[in-house]
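Novice: need a 3D model of the following:
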Amino acid sequence: MITIIDYEMGNLGSVAKAFQFLGVECEVTQDPKRVVQADKIVFPGVGAFEDCIANLKKKGLDQAILQAINSEKPFLGICLGLQALFEKSEEGGAHPGLGILKGPVVKFHVNLKVPHMGWNQIIFSSGKTKNCPLLKGVSEGSYVYFIHSYYGVPEDKTVIVAQTDYEVRFASMVWKDHLFATQFHPEKSQKVGLRMLKNFAEL
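Specialist: Numbering: from 1, shown residues only. Coordinates of the predicted model:
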């Protein structure tokens, strides 16, 4: 059973449908107890950082997420669900995040169009990448789907397993033990994304 966190923001339906397409049982919940009890957890998200953290706290889901990660359950953050794991974001000012990953979330300062939206490639960032379970069967240079104006900058560069170029090179996927997070949307990334979700389900 995969538990998808519902904090009233994000693309819950498309994430659930992707797992259902793969024949993987999943549930969508706002109940912190269900998150703590889950076998595996997916934390999707689209929207504003400040609203995300406020909604999590209002429902007690922030503590449930911390407890679940500390208990070493497989955890996948997607898009805003990656950004919320960082210490702080400069989106709309300066707002604290969950602090699970050290470092800030910053805005693109590029000459290209922002938000960064559409298909772009993932670049494997280190020898560690080949051992990442979510990337099993995924080739370097694969195209995945993005829509974001901000990106996380991990203080610990060893957690970065994939990067993407958008005038600047940013971390598009991180991995630390049982914690995985993608800036792109695997549920919108067709065969490549479905392979990653299948790999997560099979952990």
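
Novice: where do the strands of this structure begin and end?
Specialist: 2-5, 26-29, 40-43, 75-78, 86-89, 95-96, 101-107, 116-121, 123-124, 143-148, 150-152, 160-166, 168-176, 179-182 (DSSP state E).

Novice: now render those strands as a markdown table, adding mean neighbour count, distance to E202 and mean pLDDT.
Specialist: Where you see a C-beta, it was placed from the backbone N, CA and C, and this is true even at glycine. Converted to a markdown table, the strands of the chain look like this (neighbours: other C-beta atoms under 10 Å; distance: least, C-beta to C-beta, whole Å; pLDDT from 0 to 100):
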| stretch | mean neighbour count | distance to E202 | mean pLDDT |
| --- | --- | --- | --- |
| strand 2-5 | 24 | 11 | 96 |
| strand 26-29 | 17 | 14 | 96 |
| strand 40-43 | 25 | 10 | 97 |
| strand 75-78 | 26 | 13 | 98 |
| strand 86-89 | 21 | 27 | 97 |
| strand 95-96 | 14 | 34 | 96 |
| strand 101-107 | 19 | 24 | 98 |
| strand 116-121 | 14 | 25 | 98 |
| strand 123-124 | 18 | 21 | 95 |
| strand 143-148 | 20 | 19 | 98 |
| strand 150-152 | 24 | 26 | 98 |
| strand 160-166 | 20 | 18 | 97 |
| strand 168-176 | 21 | 16 | 97 |
| strand 179-182 | 24 | 13 | 98 |
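
Novice: any chance of these in TSV, plus distance to L197?
Specialist: Below are the strands of the chain laid out as TSV (distance: least, C-beta to C-beta, whole Å):
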stretch	distance to L197
strand 2-5	9
strand 26-29	10
strand 40-43	9
strand 75-78	8
strand 86-89	23
strand 95-96	29
strand 101-107	21
strand 116-121	18
strand 123-124	19
strand 143-148	12
strand 150-152	21
strand 160-166	15
strand 168-176	13
strand 179-182	10
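
Novice: so what's I123 bridging to?
Specialist: Note on I123: beta-bridge partners by DSSP bridges are Q163.

Novice: that older thread, nearest approach to L61 belongs to which of the strands of the chain?
Specialist: Closest approach to L61 among the strands of the chain (C-beta to C-beta): strand 2-5, 6.1 Å.

Novice: adjacent strands (with direction) for the closest one?
Specialist: In the sheet, strand 2-5 lines up with strand 26-29 (parallel), strand 40-43 (parallel) (DSSP bridges).

Novice: alpha carbons only: can I get stretch 102-111 in CSV?
Specialist: Taking Å, rounded to 0.1, in the frame of the first residue of the first chain, the C-alpha atoms of stretch 102-111 are listed here in CSV:
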residue,chain,number,x,y,z
LYS,A,102,19.7,21.4,4.6
GLY,A,103,19.8,24.3,2.1
PRO,A,104,17.4,26.9,0.6
VAL,A,105,14.9,26.9,-2.2
VAL,A,106,15.7,29.7,-4.7
LYS,A,107,14.1,31.3,-7.7
PHE,A,108,15.4,30.9,-11.3
HIS,A,109,17.3,34.1,-12.3
VAL,A,110,17.8,33.3,-16.0
ASN,A,111,17.1,34.9,-19.3
